[in-house]
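Student: build me a model:
(chains A and B)
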Amino acid sequence: MTEENINPITLEVWWSRLAAIADEAATTLLRTAFSTIIREANDYSVVLLNADGETIAECRAGIPAFHAIMGVMTRHILEKFPVDTWRPGDCVITNHPWMATGHLPDIAMVAPIFHGDRLVGFSATAAHVPDIGGTPTMGATELISEGLLIPPVRIARAGERNQDFVDFLLDNVRYSDQVLGDLEAQMAAHDVCRRRVVEFLLETGQQDLVMLSTAMHDAAERVMRKEIEALPDGVYRSSLDADGVEGQPTRIECSITVAGDRMHIDYEGSSPQVNHSINCTINYTTAYSIYPVKILLDPHTRRNEGSYRPITVSAPEGSIVNARFPAPVMARHLTGHMLSCLIYQALAETVPESVIADSGGAPALRVQLVGRDAQQKPFSMILFACAGMGASSRHDGLSTTAFPSNSGSGSIEALEVEAPILFLKKEYRPDSGGAGRYRGGLGQDVRVENITGAPMRVALVGDREKNPPVGILGGAPGAGGRATFSHGESASLKSMTMMPADASVTVSFAGGGGYGPPAARDRAAIAADIDAGLVSKEAAIRDYGYDPTDTVAGQ
Amino acid sequence: MTKTTRIGVDIGGTFTDLVLHDDTRGVTWTGKRLTTPEAPGRAILEGIERLLKESGTSIDQVHSVVHGTTLITNTVLERTGARVGLITTEGFRDVLEMGREIRYDVDDLHARPVPVIVPRQCRIGVPGRLRADGAEHVALDEDAVVEAARVLVEEQNVEALAIGMLHAYVNPAHERRAQALILERYPDLLITLSSEVAPEINEYERINTACVNAYVQPRVHGYLNALESDLAATGFTGELYIMLSSGGITTVREACAFPVALLESGPAAGAMAASFIAAGIDENKVISFDMGGTTAKMCLVESGKPHIKHEFEAGRLDKFKPGSGLPLKLTVVDMIEIGSGGGSIGSVDDLGLLKVGPRSAGSVPGPVAYGRGGGEPTVTDSDLMMGYLDADFFLGGEMGLAMNEVEKAMEERLAKPLNLENRVVAAGIQEIVTENMAAATRMHLAEKGRDPRQYTLMAFGGAGPVHAYALAKRLKLNRVIVPMGAGVISAFGFLVAAPSVNDVRGYPAPLARVDWDTVAGLYDDMETRARALLLSAGGNGEDIVVHRSADMRYVGQGFEVEVALPEGPVGAAMQAGVRDNFERAYRDRFARSMAGYDVEAINWRLHARVPGRDISLAYSLVDTPAVRGERRVHFAGFGDCTAKVYDRYALKPGTRIQGPAVFEERESSFGVGPDCSVVVDANFNLVADIEGAPAP
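Tutor: Numbers count the residues shown, from 1 in each chain, chains lettered A, B, ... in the order given. As a prediction, the model looks like this:
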């Protein structure tokens, strides 16, 4: 195989080989991890990068948007540890939100891949560990109270573990066994990447990944440029109002400029950063802007840095989508997940067949339950459950499905084995899907009872209470999220409440927005929704102008 | 008359395969008939009748008929099952439809989830609640149960019922009480309890399994009862056994109670046949490789036994996308199946790269070479161009292959758009299909902590032998075995499978706090049931072999490793041994362990079986010249070679042949390059050793 001559057969074979390596390593991480957040919420990433720190293969599972950060993060680390300082067996760790995935619980690692004496590339991982220290309060007003900040440091040097650092870290976190277990799981994934890439190079007789990564990047970039070029040039705008923080709603402005085969996404005009953890770092903003564009325009090409090159992202420094260090960022997803909505709203008229309405899970609503069991043993549990997705030109939105993240839902039985709580309900939330030609996906109602015999702390981290997910191209909004306690209190979705013994809380997850005018909905589909109890007859009459006596629909 | 003849019947989508074998008389016959979907029993009866006649066997010599079928898989895939009702815990009727709440394809904004098996109108929650430890929190509302059943049966017209309640795997009392109440009113209603079909933790998968069982049950009942009486009408007085997804066989009665366990009975047979052959020649580490028209299936066979797993996804929307199907708690032979078969189509994607599969030309229109209207070049077409297949001797000469058409299609559809030479593209199809299968195999083995280089490849299915040499080279294996009769070998799996039982009880507990009396009680219960079943399936009680295992993990993890329990009575004395076995199994799989971390067991499993049968497959050689001629064959790494072509049916045991060579048999052909030497062993297997790939 000569330089700049890699034929379409070899490229296909080698590309799929590298993609499989990232997937295999991701499986190892997932199977050996201890954190429920990694497992149930798929909160991790594994990628392979070339020697310049550009991703060449990204695992298919995990949090899809995260993979786009791994290249940026690796290049940050290379600024501190230049290429010529790396040795085989090194591993650098960091959780710096302005370098890595945007908040402290996400531990990122980068390890070199050497072929003989030559540094041919890197593997990078990120995973959300169960604890990173800090004060368990809602909406910390500064980064330092959100936990321990780890600048890029070598957790291993030339194969030798930096035990001093590991000890230091573990003494500063809760659930240190689980944290260590997760670090080991990440390192196991790096082992897989290194071993498999070296095997690959030996088998193919390649000295490095330069030619291959160039070919992969060029191919992916070419397709993305072609897709962007197919869009009419112009500036496409949208804006979104969010609940923000108490007394301080936030607004995000988005303008997408398409010029030839390039796309620029800018958030000029968005609210300034706030003294609450909902600020995004620019890395996070970039990743959550690129992912929705990638799957909108080019869903088929295996992801790598080439796909991202034609897309640039900017936001005013000091804004909520480009916060200055050391802003609090713990709940940055409350802002960042919404960017997908802005992008699809902006492009709705341009690619109406591809976009979806706002999703109830943008942003995801998290519920944390903390207390002590009858033996006074402390427990802390995160309740994962999903809101409804926005509808599209082809289908009703998916009920109880996360977007743009991909967190799932744990088993009720398993959660009840682990913690002294009792679920009373987990059911679709009727009438929560936004009306439209296609209906938004339904959210769900989850009711949990405190059976510990003592008060239990319930922390809610969400948005979209006062500003429900909106519809698209004439579709109506879905129902917003909310939480109500049996002892009479109604709590904001950014709150901490002590729930008395035997009391219960009902958390209602938002529904997705509808697509197209409700009047255009198929009458038989409305009747079927009523029949299944997904839409009430009253709502059908009100929102769709449904006539129950209509003979066709009434069948 | 002594009953010494056994018959295996496999109903596939297109063909019903039959095999008749009698060790005492040294008789083996195979047959093939078109499947008759409207009355599947007809092809069976006609096929059996013909086999009996051909082999000179009378019906009362037949000891047993072993049957496997895709009927159940297809019922789920095509959604032609019964209308099912679900009675569940109040407040949780949507759990079945919500599933795991994930997107199985994060790159596809428009991917749809697999449709739920029971519509919302037919899911009713009733008051009554157990806690995680099985204690009653709220008593079962019996009136509500009766009313729910009334609505489902009389208003919703359900044909079968599933009952699935929270924590029923620990305490089945509510499910059983509900069943009794309903049977009082509807004594003939088919009812599946989640606590019986899959007594494991995780409500979604368990209740889903109960619902799928109920969904296929009425069809299976009707079908098996009809088959039984049709067989009886022919004078058959032997036993009818049904193949299980786990690779064992069971009674008709058990199959009717838990038909969901039959879902993967067809593929299981192939793996059982490979296991039997591997055991017979002392190959302890084998990858069985079954490649047909649309897919390739790989299975790890160690010490003569296929790997099994305890979860399975049925009815995938996209056959090759995990997560797009219905997850079930089910013991199945652990196989990976990918979209690489003889009919897999070569195409050029958006990036200008050559892709092969998963789209398949199937048997209609089929590859271009078949001349039945197929216009898109496939793997089989590439096989023909590369010289692996003989245009004049395909299917023993019954079907001529159209080389000119193949070259034209390859040129127009692929070579021109790719701007490459025709033969380069044909070789490229080989390379890509090989890499796709190698990647899937590597991943499958990696997940088990295995190194492929230590394994022998056993190839069968029509396309398996054709691609075995290239796959072995890519995986760096040094041995390939191709059993005689590659196209029909699967059916022998029915003859060598033994009656067996897989059972499980969910009892999650940290190892240090396990109540061993409870565990012993669970095993007593499982073993009593298993023994009764095996006795009814012809076991004699003394030859029953019992294995115990547990699904275990470090406390806090979410994925379990199956760990064998030490031999001896179940009790606290085995605790240290269990821990050791776990550490070993974990290290085998992940190459590391976590010293000092607590360990927990989730499920306790029992596998009981009677020993498998040993059969000898005798073949008689044809008395014609072994060498058919020579032809140009392309081998990766060597380019075009002149290879001798052999008639496999004329090769005597002990014959040694140096590659390049091609071995042809009726349903398949096996080509090896110059670095390979092939021996015909005593069982007529072709054993090919590849040079320069020493075991690591």
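
Student: please report how far B:I249 lies from A:C193.
Tutor: Going from B:I249 to A:C193 by Cβ to Cβ, to the nearest Å gives 44 Å. To be clear about C-beta, it is placed using only N, CA and C from the backbone, and glycine gets the same treatment.

Student: same check, this time on B:A446
Tutor: Here the criterion is Cβ to Cβ. By it, B:A446 lies 12 Å from A:C193.

Student: between the two, which is the more surrounded one?
Tutor: Higher neighbour count among B:A446 and A:C193: A:C193, with 28 against 21, using other Cβ atoms under 10 Å in any protein chain shown.

Student: ok, the residue located most distally from the centre of chain B - contacts?
Tutor: The C-alpha centroid of chain B is most remote from B:D143, which lies 43.0 Å away (Cα atoms, centre = their mean). Shown in contact with B:D143 (Cβ atoms under 8 Å, 6 or more residues apart in numbering or on different chains): no residues.

Student: can you name the helix or strand that it falls in?
Tutor: Using DSSP states H and E, B:D143 falls within helix B:142-150.

Student: next, the buried residues of that helix.
Tutor: Buried residues in helix B:142-150, defined by neighbour count with 16 or more other Cβ atoms under 10 Å in any protein chain shown: B:142, B:144-146, B:148-149.

Student: so which of those residues is the closest to B:H63?
Tutor: B:A149 (43.0 Å; Cβ to Cβ).

Student: what's downstream of the strand or helix carrying A:F423, the next helix or strand?
Tutor: Here A:F423 sits within strand A:421-428, counting by DSSP H and E. Next in sequence after strand A:421-428, counting helices and strands by DSSP H and E, comes strand A:444-450.

Student: remind me what that next one packs against, helices and strands.
Tutor: Counting contacts by 3 or more Cβ pairs under 8 Å, 6 or more residues apart in numbering or on different chains; DSSP states H and E, strand A:444-450 packs against strand A:366-372, strand A:421-428, strand A:504-508.

Student: show me the contact partners of the following helix or strand past the first one.
Tutor: Under the assignment DSSP H and E, the closest C-terminal helix or strand after strand A:366-372 is strand A:378-383. For strand A:378-383, the external contacting residues (Cβ under 8 Å, 6+ apart) are A:36-37, A:40-41, A:174, A:366-373, A:410, A:415, A:418-421, A:446, A:448, A:507.

Student: centre of the chain to strand A:378-383, how far?
Tutor: Distance of strand A:378-383 from its chain centroid, counting by Cα atoms, centre = their mean, to the nearest Å, is 21 Å.

Student: again, but for stretch B:283-296
Tutor: From the chain centre to the centre of stretch B:283-296 is a distance of 11 Å (Cα atoms, centre = their mean).

Student: stretch B:494-511 vs chain A: in contact?
Tutor: Yes: for stretch B:494-511, a contact with chain A is found by Cβ under 8 Å from any Cβ of the partner chain, at B:P508.

Student: surely B:V19 is in a strand?
Tutor: Yes: membership of B:V19 in a strand is supported by DSSP: H, G, I helix; E, B strand; the rest coil.

Student: any idea of the mean pLDDT for stretch B:30-40?
Tutor: When pLDDT is averaged over stretch B:30-40, the result is 79.

Student: now do it: everything it contacts.
Tutor: By Cβ under 8 Å, 6+ apart, stretch B:30-40 touches B:11-20, B:42-43, B:46-47, B:50-51, B:54, B:69, B:71, B:223, B:485, B:488, B:491.

Student: of those, buried ones?
Tutor: So, by 16+ other Cβ under 10 Å, the buried ones in the contacts of stretch B:30-40 are B:11-12, B:15-20, B:43, B:47, B:51, B:69, B:71, B:223, B:485, B:488, B:491.

Student: now the helix ranked longest in chain A: mean pLDDT?
Tutor: In chain A, assigned by DSSP state H, the helix with the most residues is helix A:176-204. Mean pLDDT, helix A:176-204: 95.
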